[in-house]
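# sequence and computational prediction follow.
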Amino acid sequence: MNLADFNPNNPQTWSTGLIVFASVVGVVGLILSLVTIIWFITWIKYSWFQRDNSANLTGGQLSQMYLERYGVNAKRIKFRGTGDGSINRVNVESRYFYLNPYLIRQNTLTLRLLPWTYHRSSIYSLAMAMESTWSISSSKSTRFNSFWWDFSRKISLIFVLLPLVFAAIFALAPYLNWSGFISGNSNVIVIIFSIFGALFLILYSLSQLVFYSKSRKEITENLKGILLPNEIRAIGWIFQVKFIYYLVRTIYEVLRFILQIIILIQSEKK
């Protein structure tokens, strides 16, 4: 292939190696789509067809019971000298919006759950409640687990805030004399945003991958005696599906990022 004829928007101008690599990315993307469908079916089954559980517990009640049984790890939630260094009381509350999923006042910790997780009794709601609950519990906890949980929350917050920041920048550009700079460097800006977006997706997928790989086994072990074995297996399956999803997602995002870099380099060599 002559680099002078290379067109990133026309695969017919790509080299054989690049086409093969792009095909691999496409196959992984197809697998990701299939896993997404499995996740969706799992959500429908355990959220809409299994709306109750044998213990008649809501997500909020299960979280309260779990934390009372296993306690709270102060280091895991980055305890910062509030009170005397111990947590004597745990509350779980329903909240539509929050930046921090837990709140510490004196010796009381309040864990916040979304209303549809807090109030519902479906198997899927219980699994979602266990995600936040396990992250701060003392059961076999380590600061390493806390790092990945905090890291994933921060990455999620960045995903929410970045579109708002970009929208504000483009909205203010005409008033701040940035329009000429943006129009003159539009390709560079798009490339930078694409690279940052790909890196954020990789970091987020990796953080979720580690989280679900470390939490599934411990949660299913600790739920014995609270839920029936088939319900525990269902929760384990939900975590397993998410683990597989983020595993494939991480591989896909890494390969797609490499493909973007290769295409960018070959475009610059024209």
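Thanks, I have it. Numbering: from 1, shown residues only.
# correct me, but residue 119 touches residue 57?
No. Here residue 119 does not reach residue 57: they are 11.4 Å apart, not a contact under C-beta atoms under 8 Å. No exception for glycine: its C-beta is placed from N, CA and C like everyone else's.
# so between the two, which is more surrounded?
residue 57 (20 against 14; other C-beta atoms under 10 Å).
# need the contact list for that one.
65, 121, 126, 226 (C-beta atoms under 8 Å, 6 or more residues apart in numbering).
# show me which of the residues you listed are buried.
Using 16 or more other C-beta atoms under 10 Å as the burial test, the contacts of residue 57 include 65, 121, 126, 226 as buried.
# rewinding a little: list just the nearest of the contacts of residue 57 to residue 99.
Closest approach to residue 99 among the contacts of residue 57 (C-beta to C-beta): residue 126, at 24.5 Å.
# my guess is that closest one is in a helix, correct?
Yes. With DSSP: H, G, I helix; E, B strand; the rest coil as the criterion, residue 126 is located in a helix.
# does it touch residue 234 like I think?
No. Using C-beta under 8 Å, residue 126 is not in contact with residue 234, being 9.0 Å away.
# what is in contact with these two at once?
Common neighbours of residue 126 and residue 234, using C-beta under 8 Å, 6+ apart, do not exist here.
# so, low pLDDT: which residues of the chain?
The chain contains residues with pLDDT under 70 at 1-14, 73-86, 138-191, 266-270.
# just give the nearest non-adjacent residue to residue 256, would you?
Once flanking residues are discounted, residue 256 sits nearest to residue 25: 5.6 Å by C-beta to C-beta, 6 or more residues apart in numbering.
# now intersect the contacts of residue 57 with the helices, please.
65, 126 (DSSP state H).
# what would the contacts of residue 57 look like in CSV with distance to residue 90?
Output for the contacts of residue 57, formatted as CSV (distance: C-beta to C-beta, whole Å):
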residue, distance to residue 90
65, 10
121, 20
126, 18
226, 16
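# closest to residue 20 among the contacts of residue 57?
residue 126 (44.6 Å).
# how about that closest one, what does it touch?
53, 57, 59, 62, 227, 231, 235.
# the fourth one: neighbouring residues, count only.
By that I understand residue 62. Count around residue 62 with other C-beta under 10 Å applied: 24.
# I'd say it and residue 127 touch.
No. The pair residue 62 / residue 127 is not scored as a contact, 9.7 Å apart, by C-beta under 8 Å.
# now do the strands in the stretch 101-250 of the chain.
Applying DSSP state E, counting those that start in this stretch to the stretch 101-250 of the chain gives strands spanning 102-105, 108-113.
# out of those, nearest to residue 41?
strand 108-113 (24.3 Å).
# contacts for the closest one next, please.
For strand 108-113, contacts defined as C-beta under 8 Å, 6+ apart pick out 59-60, 63, 67, 72, 77, 87-95, 98, 100-104, 128-129, 132-133, 136.
# just these: which are in helices?
59-60, 63, 67, 128-129, 132-133, 136.
# among the residues you listed, which one lies nearest to residue 35?
residue 128 (18.6 Å).
# which residues sit in contact with that closest one?
59, 113-114, 117.
# neighbour-wise, which one of the residues you listed leads?
Of those, with other C-beta under 10 Å as the count, residue 59 tops at 28 neighbours.
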